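Colleague: structure of the sequence below:
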Amino acid sequence: MIKTCCLLFLICFTCSSFAQTKDTYSGVVLTRINREDNGTDTARLLYVRNVAGDRLSIYTVNGGIVAEATAYRLMETNNGLWLYSTPLLPGQQIKDSLRVNFHDQTHTIVINTVDRYTLFPAFYARLKLEVQVKHSIMASLNLLSDNLGDYSIADALPLVNFRPHLAQQIQQARIITQRSQADMKDTWTCRYFYNKENKLDSVNASSPEEVRFHKKVRYNKNGTLTINTYSNIESRQSTNRAVSYGKGNHPPVKWRERYDETGKDRETISSVTLTWHDLGMLRELSPSNAEVLNLLKPIKTHETNKKHID
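Modeller: Predicted coordinates for the structure are as follows:
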């Protein structure tokens, strides 16, 4: 009888502990200051993730109001593994989703049945464990951090790219995108190059006609990084960006960007600074707009050794 009671207590305690872990949330705020010739714009992005890692809520605050809010969830369904994004505010864009499939024989991850990322075997095994078994949203977003395909993940990219991903991960990829002004699709061959230390050197995505994306990593002697990227959308819009990463835990990320609109003969040059503030543990995964604004005022500099989203 005593053994039975002890066993029941142990089971209840374990289930209770799991439930508490499952319902624990952590928050991070990124402050983005964008300086252009016509003035300065400041936006704050609140990221709230559950400890289990399969859910993420993102709020964009600009001008003292919550301008956008999206909930992400990675989950297994009868039709496979899906990453869902759901708008939390009225009037936002419709729901979106990405289907994720794993092909063990070729160490390939397929997104939406068309985009194929062939990975190095060791990284494929780790990523499959994180994404398919643990349902880690951050692991799946990290794979897509260059945003080469038709993915509605723009609001997640500042968090994903706050720290660059430079390990030997992707061997090659084939991406298919839909043209916005024509019933046509483009196929991009993506090649990844690594240096002697097996760290990322460059990425190039192109078709026989044009280059869609190029990235070059420069490892500076003082331990900092500079990443130069070029992206091109249907030869109508192109962006050149030089991003500087400092040393230490969550130093500010700074970049200079030139955005060209060919058809309108317009050029925009901007300077952006992105800073990290750790909010620690939060009570809600999807707080109300009023609660979001309350969390953001005033934002004080938090200790960087607190728990953070990886």
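
Colleague: count of neighbours near D37?
Modeller: Number of residues near D37 (other Cβ atoms under 10 Å) recorded here: 7. No exception for glycine: its C-beta is placed from N, CA and C like everyone else's.

Colleague: quick one, what contacts it?
Modeller: By Cβ atoms under 8 Å, 6 or more residues apart in numbering, the contact list for D37 reads I269.

Colleague: can you give me the distance of it to V100?
Modeller: 42 Å (Cβ to Cβ, to the nearest Å).

Colleague: then G53?
Modeller: Distance of G53 to V100, computed by Cβ to Cβ: 15 Å.

Colleague: quick one: low-confidence parts of the stretch 101-250 of the chain?
Modeller: Scanning the stretch 101-250 of the chain for pLDDT under 70 picks out nothing.

Colleague: can you show me the strands along it?
Modeller: Per DSSP state E, counting those that start in this stretch, the stretch 101-250 of the chain carries strands over the ranges 108-111, 115-119, 170-178, 185-194, 200-206, 211-219, 225-233, 237-245.

Colleague: out of those strands, flag the one nearest Y151.
Modeller: Closest to Y151 of the strands of the stretch 101-250 of the chain, according to Cβ to Cβ: strand 108-111, at 7.6 Å.

Colleague: so what touches stretch 178-191?
Modeller: 148, 150, 170, 172-177, 203-207, 212-213, 233-234.

Colleague: which of the residues you listed are buried?
Modeller: The neighbour count (16 or more other Cβ atoms under 10 Å) marks 148, 150, 170, 173-175, 177, 203-205, 212-213, 234 as buried among these.

Colleague: and those, which two are furthest apart?
Modeller: Longest span within the buried ones among the contacts of stretch 178-191, Cβ to Cβ: I170 and E234, 24.1 Å.

Colleague: distance of L83 relative to F102?
Modeller: According to Cβ to Cβ, L83 stands 14 Å off from F102.

Colleague: neighbour count winner among those two?
Modeller: Comparing L83 with F102 by other Cβ under 10 Å, the one with more neighbours is L83, at 24 against 16.

Colleague: for D115, see how far away that one is.
Modeller: L83 is 13 Å from D115, by Cβ to Cβ.

Colleague: check L225 too.
Modeller: Using Cβ to Cβ, L225 is found at 27 Å from D115.

Colleague: of these two, who's got more company?
Modeller: Of the pair L225 and D115, D115 is the one with more neighbours under other Cβ under 10 Å, namely 21 against 17.

Colleague: tell me the contacts of the more buried one?
Modeller: D115 sits next to 148-149, 173-176 when contact means Cβ under 8 Å, 6+ apart.

Colleague: what do you get if the cut-off is 7 Å, keeping everything else the same?
Modeller: The contact partners of D115, by Cβ atoms under 7 Å, 6 or more residues apart in numbering, come to 149, 175-176.

Colleague: now G248
Modeller: G248 touches nothing, counting by Cβ under 7 Å, 6+ apart.
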